[in-house]
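Asker: model the structure of this input:
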Amino acid sequence: MASSTADSAAASSTLLKQEVLGSRRPSNLLMAAVVTSGGLGFLLTSASSFLGTDLLPIGHPAELTFVPQGLVMGLYGLAALLLATYLWAVIGIDVGAGSNRFDRQNGTATICRQGFRQLIEVEIPLRQIQAVKVEVRDGLNPRRRLALKVQGRRDMPLTRVGEPMPLADLELSGARLARFLGVPLEGV
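Answerer: Reported below is the predicted structural model:
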């Protein structure tokens, strides 16, 4: 529904719940691991040039002069490890994860997402939802998302941020949600 990989939508006649995948994706884990290992490599190269001893099994970083090569390598390593710390924190918190819950019995739609410091929860009366909107934009920065067109508000995004969903899944999810809510589907 909201995400093709974390699609555990529980549907009944009065309740529809969609799980949304956050930042704990394999691509993010791989990127954090690569940045961490690169940063450690740069720091070990800097330390090798400072100590005059090869701390890495490849190359001969001890032959580098500490000023300026070893010092610059150390700064690159420090910057990479700071970036890696941020990436691991985002993955640990699982920023962006949450759920979309549509309850006809209570007449509410509840959109929950995990933020950096707190859980973000928005509750919308179902009567204010005018349509389910499918947005598709291709090019250098493609975007494929579902959003709720809400009366008196900006569009409320429902799908995950990051890698675009396949078009077939996006259209199917949008049609299923529009049918459940009894509103039109726009943008297809």
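Asker: which residues does the residue sitting furthest away from the middle of the chain contact?
Answerer: With distances taken as C-alpha atoms, centre = their mean, the residue sitting farthest from the centre of the chain turns out to be G52, at 42.4 Å. Under the criterion of C-beta atoms under 8 Å, 6 or more residues apart in numbering, the neighbours of G52 are A62. Any C-beta I mention is one placed from the backbone N, CA and C, and that applies to glycine too.
Asker: same check, this time on R24
Answerer: Taking C-beta under 8 Å, 6+ apart, one finds 91, 94, 97 in contact with R24.
Asker: what is the subsequent helix or strand relative to the helix with the most length in the chain?
Answerer: When the chain is scanned for its longest helix (criterion: DSSP state H), the result is helix 26-51. For helix 26-51, the following helix or strand on the C-terminal side (DSSP states H and E) is helix 71-93.
Asker: which helices and strands does that next one pack with?
Answerer: Based on contacts counted as 3 or more C-beta pairs under 8 Å, 6 or more residues apart in numbering; DSSP states H and E, the elements that helix 71-93 packs against are helix 26-51.
Asker: looking at the contacts of R24, spot the one nearest Q69.
Answerer: Q69 has its nearest neighbour among those in I91, at 32.4 Å by C-beta to C-beta.
Asker: is the residue sitting nearest the centre point of the chain in a helix, a strand, or coil?
Answerer: When the chain is reduced to its mean C-alpha position, the closest residue under C-alpha atoms, centre = their mean turns out to be S23, at 4.0 Å. Here S23 is recorded as coil under DSSP: H, G, I helix; E, B strand; the rest coil.
Asker: quick one: A109 and E121, what's the gap?
Answerer: From A109 over to E121 the distance is 11 Å, taken as C-beta to C-beta, to the nearest Å.
Asker: between those two, which is the more surrounded one?
Answerer: Here A109 and E121 are set side by side on neighbour count (other C-beta atoms under 10 Å), and the busier one is A109, at 24 against 12.
Asker: re earlier: got the buried residues for the longest helix of the chain?
Answerer: Residues 28, 32, 35-36, 38-39, 41-50 are the ones in helix 26-51 that count as buried (16 or more other C-beta atoms under 10 Å).
Asker: same thing with stretch 146-155?
Answerer: Buried-residue list, stretch 146-155, by 16+ other C-beta under 10 Å: 146-150.
Asker: strands - which of those residues land there?
Answerer: Counted as lying in strands by DSSP state E, out of the buried residues of stretch 146-155, are 146-150.
Asker: can you pull the contacts of K149?
Answerer: Taking C-beta under 8 Å, 6+ apart as the criterion, K149 is in contact with 129-133, 155, 186.
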